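Colleague: sequence? don't have it. structure:
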C-alpha cells in the first residue's frame, strides 16, 4: 500500500509497490565518480541530481504513450568510489553491474564521468553475445591513454571498443590522432550534421540485434545540456535524440544503458530534468511490449 | 518633466510622464506567490526579476515597429501573499485585478506560480462576455486536485476552464488521467510538434473574439527559459511564440494576460530578459492601433 | 553485513546494520515544507542537504566522546507536502511524528520552515507529561497570526506555547507587539548577550525534566549559518550552542528535537555540514548512557 | 490608509503613510555605481539588494528600543550612472544630495562603490559647519590617484579629507605610501585591534559635534560581510560596530551617512540583510529624540 | 622541449614551443574592462574565462580540418584598466594593438565590453588601407552618446563606423533613433531572419578585401551564450555563425578580430567554451594557407 | 621596466622586475589536483582562485610591516594532473618540488587537495635535516588507508608523519581509530580550545628548528573559510592563526609551506582572498631579515 503522506527519494519517486527490489524489472545504479575529469569537475553529483529531478516527472510518457514505472524501478544505493585510480573503479562497476545482470535485472547506470561506462559495457558484453554499442558523445574518446592512464574519460570509447563494436553519434571534437584513426579504420562516426543528413536508418543498420547505449550528455548541444565538464557547441537537440532512440528501439533490442557526465553545478537544473526524462524514456523504449 | 539623473525601477524604467497611474493605459501587477510549487521553488522572485530586466530593454520594439511604452505603463506595488492557502490568494488576486479592470486599465499580471492566473482569468471572464483563453504551457494542468488542494499550480487550467474555454499550446507532459481527459473530451491542445505542423491559423480559429493569454513560461524550451520550476525538454522557441502571438493579435482582441513561473535563481538572467521582452511585446500587440 | 562497494544516502551514510528501521532507536523525518516563508524561500531543500552533508561526517563525535550511530538511525522518506495550507500540513506532521513515538522511536524532525515544529511539539506534548520546550530562534515567533494564517513560521512559538512552556535563546528581532507581550508576561527569553551573561544554568533551571528542543537555525549568527530565510546579525556561535546543549543534556532528559530553516541555496554548503553535525550531536547528547 | 493587499518595494517596505515624500524626514538615495571597481565588481546591485532585504526586517529595533520608520522614510528612484568617468558621477551625486539637504531631508546614500561617498560628503560639508567624518573601512583609501583617476574607490578618503577631517575605524590594509602618510601626519586611524583596545571614547572624542558617517562594508570581517569587492580578513564584528555607533550617537549629532560596497553576488543574502539593518539602525540612532 | 608535468594557463594551454612570443604569429590580448556596462556587469572576467576554457579544447579543429595552434599563439598579460573614463581606455587599447600590429603580429582582442573594439578597430584602420568591418551584434550600437559619453558600449559601432564601413549581422534591438538612422542611410544591417533568408553571399559581397571582425557575443541566441550583459532572444546559432565565418574567410582576408562581452558569471561555463572555440576557429580561418 | 598598461596574472600581480624566475627567491607552484576528494569536490580550482585574488592585495603587509614581494616571487605554470591514481601524482609533486629546492628556491605549493602536501613534505624532508612539520587541519588525517588508497586526502598526515614529526593545530574531527591512535602514542594535537588555552609557546616548543608548514584551510572556522570540501564548525579565526604563525616564525625557521583545500565554488570569493593573504603572510614571515 502506498502511504501518500510520503514522497520517496528514488528514481521517479515511486512508492514501494513499484520500487521494491524483488518486483522491479529495472535497477538504477548511481555511480558518483569523477576522478579523471580533465575539464570542469562535478559529475559525481550527477546521479543524485538526476534522481532528485526524476521526482518532478509526470509518469505517463506522452512521447511513447505508456507508463514505464509500472515495470518496477529500484534505485540502488550510490556506489562507493575507489580513490586508488580509475582501473579499480571500472572493475568494481563491472562486478556490480554483472551481479545485477545475473540476477535478471535491466541495469541503468547513472554517472559520474563517462569512464563508468567501461565497466558497464564489459559486464554486458560478457553476457550478451553479439552486443554492439550505440554511443552518444561529442568527443571521439579514442585515445589509448590520457593523462597517464588508459582509463581516462577521454579513452572511454577506445576501451569500450575492445569489448564490442561501437557506432557513435554527435561527434564534433577530436584530436588529430583520433581523427586519423577514424579515417584509417573507417569507424562509424556521425557528426550532428552527418546524422541530420543520413537519418536514423543507417545508424540502426550498423548496430547488431542487441544494443547497449552509452550516453555522454555532452552529445547534446549545450543549449540542451550545459552542465557537462567538456561542453562543445553545435550538438544534438532533444527531438533529434528522441527520434533516433525511437528508431533504434523499434529495430533493435536495447539491453542496457548508461547516462553520464551530468555535472549539475555547471548548468541549470533543467539539465538534470532532461537527463531524468531521457533515462525514463530509454527505459520505456527498451522494455515496452 | 523627466529628471535624467534618475533611472526608475518600474516596468521599462519609465519616467513619470509614462509611468504615472492616471495617464497609464496599462498596469503591471506583480504577484510574488509560489506556495504550491511542487518542483523547484522560487517564482516569488519572478516579478522583481522581470521588472529589473525590463529596464535593460530598448523601448522601440523592432518586431512590431512601435513603442508600446507611449501607452503609459504603471507598475503597481507587489501583492502581499496570503499564507493561509492558495484559495484565499486566488480570491485576493481576482479582487485586485477586477478593481483595475473596473477602473479601465489593461492588466498585466506577473507571477509567481501559474496559480495566480486563476484569479486573473476569473476577473476577466466576469467582465468580458464570450472570453476565451489562450494558454501556453508544457503541462496539461488539468488535475482536479493536486497535493490536497484544487488550487495547486497543477490544476490551473482545470480551474481556468471553469471560467472560459481554453486552447493550449506547448503541451508535452501530462499524467495518464489528464491524457485520457483530453482525448475523451477532444480538448484543443497543441504539442510543439502539432503546432509546427498546423501553424497559427487553427489556433486563432478556435479562439473567440476576446482572448485572455495565460503564459506559463515552461511552454518555452528550456534552452530559451530554464528558470522554471518544472522544465520540460522539447518546447517552443522564441520566434515560434512571437509569430503565434502576432497571428492571434491580428485576428482577435487581447484583453489581458499574465506571464508566470519565472524562478530567476534556476536559470541565467537572460531568461528574465526574455520574459520582460515577451511582456512588452504582448502589450504592444494587444493595444496597437 | 556491510557491502563496502556502496555508500548509502541516509543520515550519516549508515549501512543496513545501523540504518534498518527495526533495530534503530532513532528515526530522522525529513519535512521539505516552506509554503509560508515570507523572506527568502528554499528551506524545502534543507532536509536533503542535511542528509547529504551528514555522509561527510566522521562518526566518532569528539565533542561527546562517542559514536551515536551505534544507537541505530533510520531515515524515513521525505514527507509529501500538503499544498492546501499550513494547518493541514501541521496536522499531518503531528500524525506521523505521533505514530513514530507510539512505536518507541526517538524522533528527529528536519525542516523545512520552522512551522513544522508545531506538529512535532504537539505530538510530543500529548505523550510526554510535563514537557517543556527549549527554543533556539533569532525571532520571537510570537505573533498570533501573520500573513493571514495562525500557522505562519512567524507564529511558531506562539503555537508551541499553547502545548508546553517555552524557554527561548538567541532572540534579537521582534515586533513591538511581541516585545510588549514578552515584557508583560515576563516570558523567558535570552538574547545572545543575555545568554552570555547568564550562562547555561538559569536556562536549564527554567526547563522541566523532559525537554523538547526546537532549533530554528537562524538562532546562529549568519557567520555560522547564512543559509536561512530571515538571517539576523549578532547571533550565537557554534561553541556557545554546543556548551548550552551539553549543559541541558546533563541536567534534563531530551525527548525529541527538530532542526529547521536551512535553505541551502542561500549560503555555503558548510552550513548544511553544521546542521548535520548539530543533529548528530543532539542525538548523542539525548541518548547517551 | 494602508492597503494590506500590497507589500511595497521601498526601504523597509513601508506603506504610503510612512513612505510618502512630503511626510518623510529621511530619504534613501540608491546609487548603483561601480565603474572604478578594481577588485571584483557588482556593487551596482547593492542598493536594490539592501532595499529588498529591508522588507524582511522587523521594524521594532530591539537594539535601540524604538521604531525608526515612524519618522517617515522615502526611497528615491535609483540614480542614473554617468559612464563618462567618476568625476562627473561624483558631481551628480553632490548635486542630488545637496538638493535633498536643502529641502530639509536627512539623506542616506546607498552605494555602489565607496566613491559615491565623495559626493555625499561634499554636499554635507558645504552645508554643515565644522563637520567631521567617521569612516568605516578596511583600507586607507588615501591614494591621491589610482588607476589613472583621483576619483577611484581607492582615493575616497583622500578626497573626503579635503572636505572635512576624517577618523577611520577598521583599517587593516594599506600601501606603503599610505602607511607612511598616516605616520607622518599622525592621522587618526584605528585598526580593529586598536579599536578593541581603546574603546569608543577616544574615537568619539576626535569627532566634532556634527558627524557624517561613511561606511564601506569591508570594514566588517568577511564572516559578517563577504559580499564586497575587496574583502580583508580580520575585520569588525556586528556587536562591535553596534556599540561604537551607539556611543557616537549618544555624544555627537549624526547629520547624514552612506552605506557602500555591498556587491550582493559575492556573498550570501544575509549580507544584504545586515546592510539593511545597519542602515535602519543608524537612521534610528541619528534621529531619535 | 615541452615539460609534460605542467599545463600552462595561456590561450589553448600551449607549451613554450607554440606559446613563446618570438615564434608566435598570433597574439591574444585580454582586456578586462567593463566600466560603461549599463545592463548586468561582469565582462571584465571574460578574458580569463575564455583563456581558462581554451585549455579544455581539443586542438585539431574538425570544422576546418587543421591545427591552428601550430601558427604559434602568444597570450599577452591582461591590460590594466583606466578608471578615469572610457575614452582614455580606448586610447590605451589602440596604442597596444597598434604596437603589436607594427611588430607583425595578428592581434586577437578579448573583451571586456564591446567598447574595447573601438580601440582595436582604429589601430587596424590606420594600418590597413580599405579596411571594412564585419560586426556581430544584437544591438545597433549606433548612438552618438549614451549615459553621457560617446564611448559607451552602446555607441561602439557608431564609433567604429568613423574608422571604416561596417556590415552588421544579428541585429534585433534598437532605439527608434537608431532604427531611423539605419533606414535613412540604408546601412547594411542583417537581422537573424534577414541573414537566414539572404545567406552569406551578400554579406561577403558588401565587405572589402580586408576585413576586421568585431564580435559582440550577444549576437548569438541566449541559448548559445546567455552570459552577456544585455541578452536578446531570437539570435544566431553556432552553426549559422560558423558557416558565415567560413564563407567570409574563403572570399576575404581577415586581418584581425575581437571577441567581447562574455560576462561569465551570467551564464554556464559552456558559454566560455563556445567563446574559446569561436576564437580558435577565427584564428584558423584567418590564417590558414 | 614595468609597463603599467598591463596587470600580470601571477601571484601578487607582479611585474617582471619582481616575478622573473631568475631573480625570484620564492616560487609558487599551483597543483590543481582533487581526485581523491571524498566530500565536495573542486579544490582543483583553488590555485587559480588564490592567484587571481592575490592580484587584489595591497602589497605592504601591515601585519608584519614589510613588502614581501621585494624578495621576488615567481609563479610556475600549473602542474598537469596524473589521472592514474594519487600515488603517481604525489611522486610527480615530490620531483618538481625537489628540483626547485635543489635550485635554491623557497617553494610554496598551492593545492588542490591536502594530498599534494605529501609530495612537498617528502621533498623537503629529504633535503632538510631534522625537519618538523606544523600542520593546520580540522581532521586527524591519520588513516592508514581510505577509500582503498593510502594516498587519500584522509591519510595525508599519516603519510607526512613517515617523513617527519608532525604537530597539529585545529583538530576537531576524527574517527575512533584515529582518536585511539592519538591517545596511545600521545601525538601532539591541539584542538582550537586546547590551542586557546595553551597559547603558541608549547606548539613552537614541540617543533624542531626547521619547520615545514602544511595548511589545510579547513583548520579555519567555516566563518573564515567555507570553501573547503569537508568543513567543520568550531575552527580557528584569522587573528589566532596570524598570531601563532608569527610566534613560530620568531622562534623557528620556516623552510617551505603549502596552502591547500580551497574549493572556490563552495564559498564566497573572500575565502580566496584570505588564502592569498595567508600565503603572502607566511612568505613574509619565513623570509624576513
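Modeller: In hand now; what should we look at? Keep in mind that what you see is a predicted model, and the values were worked out from it rather than measured.

Colleague: from here on, contacts and neighbour counts on C-alpha atoms
Modeller: Noted.

Colleague: what about residue A:281, neighbour count?
Modeller: Residues near residue A:281, counting by other CA atoms under 10 Å in any protein chain shown, number 21.

Colleague: so it touches residue A:61, yeah?
Modeller: Yes - Residue A:281 is in contact with residue A:61 according to CA atoms under 8 Å; the separation is 7.3 Å.

Colleague: next, the buried residues of stretch A:135-155.
Modeller: Within stretch A:135-155, the residues that qualify as buried are A:135-147, A:149-155, counting by 16 or more other CA atoms under 10 Å in any protein chain shown.

Colleague: just stretch A:17-31 next, same as before
Modeller: Within stretch A:17-31, the residues that count as buried by 16+ other CA under 10 Å are A:18-21, A:24-31.

Colleague: and if you look at stretch A:53-63?
Modeller: Neighbour-count burial for stretch A:53-63 [16+ other CA under 10 Å]: A:53-62.

Colleague: where does the prediction get shaky in chain A?
Modeller: Along chain A, the model assigns pLDDT under 70 to residues A:1, A:289.

Colleague: count of residues packed around the closest residue to chain D within chain A?
Modeller: Proximity of chain A to chain D (CA to the nearest CA) peaks at residue A:265, 16.3 Å away. Other residues near residue A:265 number 19, with proximity taken as other CA under 10 Å.

Colleague: hang on, it packs against residue A:226?
Modeller: No - look at residue A:265 against residue A:226 with CA under 8 Å: they stay out of range, at 9.8 Å.

Colleague: count the residues that sit near the residue in the stretch 51-200 of chain A that chain C sits nearest to.
Modeller: As assessed by CA to the nearest CA, chain C sits closest to residue A:79 within the stretch 51-200 of chain A, at 4.1 Å. As a burial measure, residue A:79 scores 21 neighbours (other CA under 10 Å).

Colleague: got it, and the one 10 residues further on?
Modeller: Counted by other CA under 10 Å, the residues lying close to residue A:89 total 25.

Colleague: helix, strand or coil for it?
Modeller: helix (DSSP: H, G, I helix; E, B strand; the rest coil).

Colleague: state the distance from it to residue A:115.
Modeller: Residue A:89 sits 9 Å away from residue A:115, going by CA to CA, to the nearest Å.

Colleague: which positions in chain A make contact with chain B?
Modeller: By the rule CA under 8 Å from any CA of the partner chain, the part of chain A lying against chain B is A:56, A:58-62, A:223-224, A:238-239, A:268-270, A:273-274.

Colleague: can stretch A:252-266 be said to contact chain F?
Modeller: No - on the criterion CA under 8 Å from any CA, stretch A:252-266 is out of touch with chain F, staying 9.2 Å away.

Colleague: do me a favour and get the end-to-end distance for that stretch?
Modeller: Stretch A:252-266 has its terminal residues 34 Å apart, counting by CA to CA.

Colleague: quick check: phi and psi on residue A:188?
Modeller: Recorded main-chain torsions at residue A:188 are phi -80, psi 100, according to degrees, to the nearest 10.

Colleague: for it, give me its contacts.
Modeller: Residues in contact with residue A:188, defined by CA atoms under 8 Å, 6 or more residues apart in numbering or on different chains, are A:166-168, A:182.

Colleague: which of these lies closest to chain B?
Modeller: When these are compared against chain B (criterion: CA to the nearest CA), the nearest one is residue A:168, at 22.6 Å.

Colleague: so is whichever strand or helix holds the closest one next to chain E?
Modeller: Here residue A:168, judged by DSSP states H and E, is contained in strand A:166-169. No - judged by CA under 8 Å from any CA, strand A:166-169 and chain E are separated, with a smallest distance of 14.9 Å.

Colleague: which parts of that strand are buried?
Modeller: A:166-169.

Colleague: and for stretch A:247-261?
Modeller: Across stretch A:247-261, burial judged by 16+ other CA under 10 Å covers A:247-249, A:252-261.

Colleague: how far does it stretch from start to finish?
Modeller: End-to-end span of stretch A:247-261 (CA to CA): 24 Å.

Colleague: and what of stretch A:193-207?
Modeller: For stretch A:193-207, the first-to-last residue distance is 20 Å (CA to CA).

Colleague: what's the strand holding residue A:168 packed up against?
Modeller: In this structure, strand A:166-169 packs against strand A:132-136, strand A:189-190, with contacts taken as 3 or more CA pairs under 8 Å, 6 or more residues apart in numbering or on different chains; DSSP states H and E.

Colleague: for chain F, which of those strands is the nearest?
Modeller: For chain F, the closest of the helices and strands packed on strand A:166-169 is strand A:132-136, at 23.1 Å, according to CA to the nearest CA.

Colleague: residue A:47 against residue A:79, yeah?
Modeller: No - contact criterion CA under 8 Å: residue A:47 and residue A:79 do not qualify, at 10.3 Å.

Colleague: anything in contact with each of those two?
Modeller: Residues touching both residue A:47 and residue A:79 (CA under 8 Å, 6+ apart) are A:30-32.

Colleague: can you redo those residues as CSV with distance to residue F:98 and secondary structure?
Modeller: Formatted as CSV, the shared contacts of residue A:47 and residue A:79 follow (distance: CA to CA, whole Å; DSSP: H, G, I helix; E, B strand; the rest coil):
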residue, distance to residue F:98, secondary structure
A:30, 41, strand
A:31, 37, strand
A:32, 35, coil
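
Colleague: now do the contacts for whichever residue of the stretch 151-289 of chain A sits closest to chain C.
Modeller: The stretch 151-289 of chain A approaches chain C most closely through residue A:265 (11.8 Å), counting by CA to the nearest CA. Taking CA under 8 Å, 6+ apart, we find residue A:265 in contact with A:42, A:227.

Colleague: then the one 3 residues further on?
Modeller: If you count contacts by CA under 8 Å, 6+ apart, residue A:268 has them with A:226-227, B:226-227, B:266-268, E:268.
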